[in-house]
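Trainee: this one's sequence-less:
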């Protein structure tokens with residue numbers, strides 16, 4: 001899980017199985033939340049979660065570079081977001097073992113901007129759009145319907161109300177001999 005989380009931080013998206021993605025999401029979201037705090041204690045907790053930063057060569061450790069990217073790039077992106085930093089997109093099956101695969105990535109702020117609009121504005125916008133659609137379709141003349149019923153057998157509303165059809169529930173067959 002550490003390795004997949006590091007890969008997600010380094011590349012912003014990984015391709016994995018849905019079961020692994022669900023487990024990685026727990027760790028990745030915890031790490032991003034700590035990154036948003038930004039203090040020394042949070043940085044030390046991230047090191048504890050992701051692994052050691054000790055190395056003989058300065059700057060060449062994978063964990064150290066990932067933590068630096070987390071605190072400088074990824075965490076500031078989600079300052080106004082209270083969770084749900086990742087998403088999963090199913091991409092089909094893997095050739096070879098036919099395992100289901102998904103793409104796990106960090107959510108972009110552009111999708112957040114769409115959700116930020118107040119609900120009242122959306123309703124008003126839909127009403128305006130519906131009125132414009134009605135006014136655009138009103139001038140068009142509808143073709144005249146013929147008096148004779150169509151050959152496919154049309155059903156009138158009055159016929160539907162007067163006749164009762166079969167129940168919507170499917171019939172259950174007993175498991176014992178039929």
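Mentor: Cool, the structure landed. Computed from a prediction, not measured in an experiment: that's the story for all the values here.
Trainee: how about residue 49, what does it touch?
Mentor: Residues near residue 49 by Cβ atoms under 8 Å, 6 or more residues apart in numbering: 2, 5, 27, 30-31, 34. Bear in mind the C-beta positions are built from the backbone N, C-alpha and C, glycine included.
Trainee: Which of the residues you listed fall in helices?
Mentor: Under the assignment DSSP state H, the contacts of residue 49 contribute 2, 5, 27, 30-31, 34 to helices.
Trainee: I'd like to know which of those are buried.
Mentor: Using 16 or more other Cβ atoms under 10 Å as the burial test, the ones in helices among the contacts of residue 49 include 5, 27, 31, 34 as buried.
Trainee: and the two most separated of those?
Mentor: Spatial extent of those (Cβ to Cβ) is set by the pair 5 and 34 at 12.0 Å.
Trainee: Checking my notes, residue 75 in a strand, right?
Mentor: No. Counting by DSSP: H, G, I helix; E, B strand; the rest coil, residue 75 is not found in a strand; it is helix.
Trainee: In contact with it, which residues?
Mentor: 32, 35-36, 38 are the contacts of residue 75 under Cβ under 8 Å, 6+ apart.
Trainee: returning to that earlier point: pLDDT added to the ones in helices among the contacts of residue 49, as a markdown table?
Mentor: Listed next are the ones in helices among the contacts of residue 49 as a markdown table, based on pLDDT from 0 to 100:
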| residue | pLDDT |
| --- | --- |
| 2 | 90 |
| 5 | 93 |
| 27 | 94 |
| 30 | 94 |
| 31 | 94 |
| 34 | 94 |
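Trainee: Is it possible to get those out as CSV so that each row also shows distance to residue 77?
Mentor: CSV is the format used below for the ones in helices among the contacts of residue 49 (distance: Cβ to Cβ, whole Å):
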residue, distance to residue 77
2, 22
5, 17
27, 18
30, 16
31, 14
34, 15
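Trainee: Quick check: of those residues, which lies closest to residue 44?
Mentor: Within these, proximity to residue 44 (Cβ to Cβ) peaks at residue 34, which comes in at 9.4 Å.
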